[in-house]
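**Q** next comes the sequence, and after it the predicted model I'd like to discuss.
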Amino acid sequence: MPPAGSLTAEQLSFFDTNGYLVLEPFSSDADVRALRDRMAELVAGIGGSNTTGSSEHHRMAMDDYYESGENISFFYEDKAFGDDGCLKQPKELSIKLVGHALHEKDLVFKKFSSTESISSILSSLGYKRPAIIQSRYIFKQPGIGGEAIPHQDSAYLHTEPPSCIGLWLALEAATINNGCLWAIPGSQKYGLKTRMIKDENGTHFDRPIPSYDHNEFVPLEVKSGGLVVIHGDLVHKSFENLSPTSRHAFVWHVVETKGCEWSKGNWLQRKTAPEALYDS
């Protein structure tokens, strides 16, 4: 059982109204450094025997992406490759993201993902038996960090009834210049616009992806160590990082397992059920 909820009534009201909440500070400099140092070790081990992920340099191949739910796999920015198919710069400046089971397969990330500070947030938001369904380390590399188009997390990580929530930890300052998150405040109130489905016809959206007016979005700048809590139905995005500064972040998504069912057709289908963080 986690400690009593850590979010104040004012914070809960802001989250209910806007669909996001920025918590600063959240993590210590030591915790941030531990996560970054561990990821540097994992990246250094690509191609060797001390990593559980892919041993090849590869672009964001979607088939590989959809099979990475219970592994630690490495995905590269398309712009990191030259015409000859080789990386144009060191691998540590070429990787797009690492996912999607850092919280299960790596002891450092697992320990951080199950701390009381995380559990208390989820308790505050009413979760009874939450489980992390995926985690990602996002690099947003300087000069080549790709954009994330407007989307809702529940479109990819759906439960019945909906329960997805995102926890986005800044491991470096996220600014307008280096590709911070942008969100449409209150957009979670209008429900899910489309779902990504995986079936016999492959992976596809069940309805056309809607377009949005950029003027509706607000930037969610956050300092290193700050946490952004994101409602699963909130419409959010990020731009390319054309700056000389990276924007590392550790992101994990949580769903309720008490009274909620993992939806059929989700791209991420597990062989084993995710372990609950706690059970109230």
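**A** Great, that's in hand.

**Q** C-alpha from now on. contacts and neighbour counts both.
**A** Will do.

**Q** would you point out which residue is most central in this protein?
**A** Val251 (3.4 Å; Cα atoms, centre = their mean).

**Q** and that residue, that's in a strand?
**A** Yes. Counting by DSSP: H, G, I helix; E, B strand; the rest coil, Val251 is part of a strand.

**Q** for this protein, what's the longest helix?
**A** helix 29-44 (DSSP state H).

**Q** could you dump that one to CSV, C-alpha only?
**A** Extracted as CSV, the C-alpha positions of helix 29-44 are listed here (Å, rounded to 0.1, in the frame of the first residue of the first chain):
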residue,chain,number,x,y,z
ASP,A,29,20.2,15.5,-9.5
ALA,A,30,21.6,12.2,-8.2
ASP,A,31,18.6,10.2,-9.6
VAL,A,32,18.8,12.0,-12.9
ARG,A,33,22.5,11.3,-13.2
ALA,A,34,22.0,7.6,-12.3
LEU,A,35,19.5,7.1,-15.1
ARG,A,36,21.6,8.9,-17.6
ASP,A,37,24.7,7.1,-16.6
ARG,A,38,23.0,3.7,-16.8
MET,A,39,21.7,4.5,-20.3
ALA,A,40,25.2,5.5,-21.4
GLU,A,41,26.3,2.1,-20.2
LEU,A,42,23.6,0.4,-22.2
VAL,A,43,24.4,2.3,-25.3
ALA,A,44,28.1,1.6,-25.0
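
**Q** what's near enough to touch the nearest residue to Ser135 once chain neighbours are set aside?
**A** With Cα to Cα, 6 or more residues apart in numbering as the criterion, Ser135 has its nearest non-adjacent residue at 4.0 Å, and that residue is Trp252. Taking Cα atoms under 8 Å, 6 or more residues apart in numbering as the criterion, Trp252 is in contact with 132-136, 166-168.

**Q** so the residue nearest to the centre of the chain is in contact with Leu167, correct?
**A** Yes. Here Val251 reaches Leu167: they are 5.7 Å apart, a contact under Cα atoms under 8 Å.

**Q** what residues do those two have in common as contacts?
**A** What both Val251 and Leu167 touch, as defined by Cα under 8 Å, 6+ apart, is an empty set.

**Q** ok, how many other residues are close to Gly145?
**A** 28 (other Cα atoms under 10 Å).

**Q** run through the bridge partners of it.
**A** Asn241 (DSSP bridges).

**Q** show the contacting residues for it.
**A** 77, 96, 139, 240-242.

**Q** among those, name the buried ones.
**A** Neighbour-count burial (16 or more other Cα atoms under 10 Å) applied to these gives 77, 96, 139, 240-242.

**Q** among those residues, which two are most distant?
**A** Lys96 and Leu242 (14.0 Å; Cα to Cα).

**Q** got the end-to-end distance for stretch 183-194?
**A** Length of stretch 183-194, first residue to last, Cα to Cα, to the nearest Å: 17 Å.

**Q** okay, now the unreliable bits of this structure?
**A** 1-5, 47-67 (pLDDT under 70).

**Q** the strands in the stretch 151-280 of the chain, which residues?
**A** 159-160, 165-170, 181-183, 196-199, 202-205, 218-220, 227-231, 236-238, 249-256, 261-262 (DSSP state E, counting those that start in this stretch).

**Q** likewise for the stretch 1-150 of the chain?
**A** 20-23, 72-76, 95-100, 130-138, 148-151.

**Q** now these in CSV, with distance to Lys258?
**A** CSV is the format used below for these (distance: least, Cα to Cα, whole Å):
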stretch, distance to Lys258
strand 20-23, 23
strand 72-76, 27
strand 95-100, 22
strand 130-138, 8
strand 148-151, 26
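
**Q** what's the closest of those strands to Gln188?
**A** strand 20-23 (9.2 Å).

**Q** which parts of that closest one are buried?
**A** Result for strand 20-23 [16+ other Cα under 10 Å]: buried residues 20-23.

**Q** make a markdown table from these and add distance to Ala183 to it.
**A** As requested, these are arranged in a markdown table below (distance: Cα to Cα, whole Å):
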| residue | distance to Ala183 |
| --- | --- |
| Tyr20 | 8 |
| Leu21 | 11 |
| Val22 | 12 |
| Leu23 | 16 |
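
**Q** now, the most widely separated pair of those?
**A** Checking the buried residues of strand 20-23 with Cα to Cα, the most distant pair is Tyr20 and Leu23, at 9.9 Å.
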